[in-house]
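**Student:** Dropping the sequence and predicted coords here.
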Amino acid sequence: MIQFNNLNQEIPYQLFKEKYDEAVDAGQKGIEAISISSYNKEKDEVDSRYVNLKFISNDEFIFFSNYNSPKASSFNSHSQIAALVYWPSINVQIRMKAEIKKTSNDYNQKYFFDRSEEKNALAISSKQSKSIDSYGQVKENYNKSLKNDDLKKCPEYWGGFSFTPYHFEFWEGHESRINKREIFEKIDCVWEQSFLQP
Ligand SMILES: Cc1cc2nc3c(=O)[nH]c(=O)nc-3n(C[C@H](O)[C@H](O)[C@H](O)COP(=O)(O)O)c2cc1C
């Protein structure tokens, strides 16, 4: 589930919440999964991966990850991302474009402190996306961390990423095939609304 905190009153945020509530009511599984696409300027390469969206706080979408991971390097080299959700239970796709940044160390420490020690041991012990000899080695590193590390202290290589979309597209599939595509683009601090042909 996504936690909404003091949600921004502007239309695209309210529409996001409205569609989210509809998907929850329709029993949508994995509703917090969001695909994040990034561009790594040094490698001249585009990549995508799912993450779990944890919070929408006012106008910030927040997820957590490893700050030494390939995604973090991409965000560092080029801060623009595209984010994507699809909720099949209501046949709605939401596309977003945004700049991404890290959340503060204070924020990360607080969030980490409240998480389970099991989750934290994995965050501490995993050098995310680095190659390793075997899956057994992953488990061994995890068990070592569970026994030996301070599981309430967030390491500097782990924390949140936050993005504030400047572009939303709400796509609603209809049985008639006359699908609805509604765009919100922030221009000079004002959301301009338009429709696209399906
Ligand atoms: C549904 C789903 C949710 C995921 N949530 C996260 C997440 O919140 N944070 C994270 O670091 N990885 C998450 N992952 C794993 C990422 O997709 C990815 O494998 C990992 O972050 C490494 O990505 P990178 O090599 O591009 O940095 C999730 C995977 C799936 C399928």
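**Tutor:** Cool, the structure landed. Computed from a prediction, not measured in an experiment: that's the story for all the values here.
**Student:** Leaving out sequence neighbours, find the closest residue to residue 177.
**Tutor:** Nearest residue to residue 177, sequence neighbours excluded (Cβ to Cβ, 6 or more residues apart in numbering): residue 198, at 7.5 Å. For every residue, glycine as well, the C-beta is placed using N, CA and C.
**Student:** is it true that the one you found touches residue 179?
**Tutor:** Yes - look at residue 198 against residue 179 with Cβ atoms under 8 Å: they come within range, at 4.1 Å.
**Student:** And those two? Which one has more around it.
**Tutor:** residue 179 (15 against 12; other Cβ atoms under 10 Å).
**Student:** Buried residues, the helix or strand containing residue 110. List them.
**Tutor:** Assigned by DSSP states H and E, residue 110 falls within helix 105-114. Neighbour counts over helix 105-114 (16 or more other Cβ atoms under 10 Å) mark 107, 108, 111, 112 as buried.
**Student:** Also stretch 129-145?
**Tutor:** 141, 142, 145.
**Student:** How about stretch 143-163?
**Tutor:** In stretch 143-163, counting by 16+ other Cβ under 10 Å, buried: 145, 146, 151, 154, 155, 158, 159, 160, 161, 162, 163.
**Student:** I'd like those residues laid out as TSV, including pLDDT.
**Tutor:** Formatted as TSV, these follow (pLDDT from 0 to 100):
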residue	pLDDT
145	98
146	97
151	97
154	98
155	98
158	98
159	98
160	98
161	99
162	98
163	98
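**Student:** Does the residue sitting furthest away from the middle of the chain belong to a helix, a strand or coil?
**Tutor:** In the chain, the greatest distance from the average C-alpha position (Cα atoms, centre = their mean) is reached by residue 176, at 31.8 Å. Secondary structure for residue 176, judged by DSSP: H, G, I helix; E, B strand; the rest coil, is coil.
**Student:** That one and the ligand, how far apart?
**Tutor:** Distance from residue 176 to the ligand, counting by Cβ to the nearest ligand atom, to the nearest Å: 31 Å.
**Student:** Residue 166 too?
**Tutor:** 23 Å.
**Student:** Enumerate every residue touching that residue.
**Tutor:** Counting by Cβ atoms under 8 Å, 6 or more residues apart in numbering, residue 166 touches 97, 98, 99, 185, 186.
**Student:** make it 6 Å
**Tutor:** residue 186 (Cβ atoms under 6 Å, 6 or more residues apart in numbering).
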